[in-house]
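Novice: fold the following.
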Amino acid sequence: MAAAAALVALVAGLTFLRSSSGEKSDRVTPSAPAIDLSAAPDGYRLERVEGGLRTAVPKGWRRVAEKTDGILEARYLVLDGPEVMRSLRVFDLAGSTPRQSIELIRAAGNVEERTGPKPFKAKNASGYSMEYLHRITATVYTVSIRFKAADGRSYGVDAFVRDDEDFTDADVRTIAETAVRYLQGSR
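Specialist: Down below sits the predicted model:
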């Protein structure tokens, strides 16, 4: 679990992604319809995280950690046997910009990039996303999103899965994107 705590990063955009030059990227995702932020999407529950924020968390996942030293970090986890782990982390970037945070992941080593970093934009946030494999004692597929939210603060969301053949990359991406779309409130 300590090795998993070292992971950082996550999300793909909800609207058409564009590179910094303004050209369309290879990955185009259609605009999402308006969502009702007062109700959780199917398979999720709305969870209040420290500081007055709330987000959508998969049903059945439990909170295992939260920092309260002025830096928001809420971690949710589900274990399926001794080796399979799925995790969601929502945290305050604490002074770092979304781009700086993504670059720190790239510089950390033992990270095999799958995609990214790519610009990302949602109705309530804009920043960068990156997908990668992180090799610790096992291979962990991670989706990291770093973004500036509507409240003007910068946050990170990481969703990752270790050793789970039944959980696809798209499943991990959906968990991260959903957490970002439903993150609201103010600190």
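Novice: now name the helix or strand holding the residue most central in space within the chain.
Specialist: The centroid of the chain falls nearest to Val157 when counting by C-alpha atoms, centre = their mean (2.8 Å). In the assignment (DSSP states H and E), Val157 maps to strand 154-162.
Novice: state the mean pLDDT of that strand.
Specialist: The average pLDDT within strand 154-162 is 90.
Novice: now stretch 109-124
Specialist: The pLDDT scores in stretch 109-124 average 87.
Novice: buried ones in that stretch, by neighbour count?
Specialist: Val111, Thr115, Gly116, Pro117, Lys118, Pro119, Phe120, Ala122, Asn124 (16 or more other C-beta atoms under 10 Å). Placement of C-beta: from N, CA and C, glycine included.
Novice: ok, the last one - contacts?
Specialist: If you count contacts by C-beta atoms under 8 Å, 6 or more residues apart in numbering, Asn124 has them with Ala149, Ala150, Val180, Arg181, Leu183, Gln184.
Novice: and which of those residues is nearest to Arg86?
Specialist: Arg86 lies nearest to Val180 out of the contacts of Asn124, by C-beta to C-beta, at 17.1 Å.
Novice: immediately after whichever helix or strand Leu104 is part of, which helix or strand?
Specialist: According to DSSP H and E, Leu104 maps onto helix 98-107. Under the assignment DSSP H and E, the closest C-terminal helix or strand after helix 98-107 is strand 111-122.
Novice: only whichever of the contacts of Asn124 are buried, select them in PyMOL.
Specialist: Command for PyMOL that selects the buried part of those, burial taken from 16+ other C-beta under 10 Å:
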select buried, resi 149+180+181+183+184
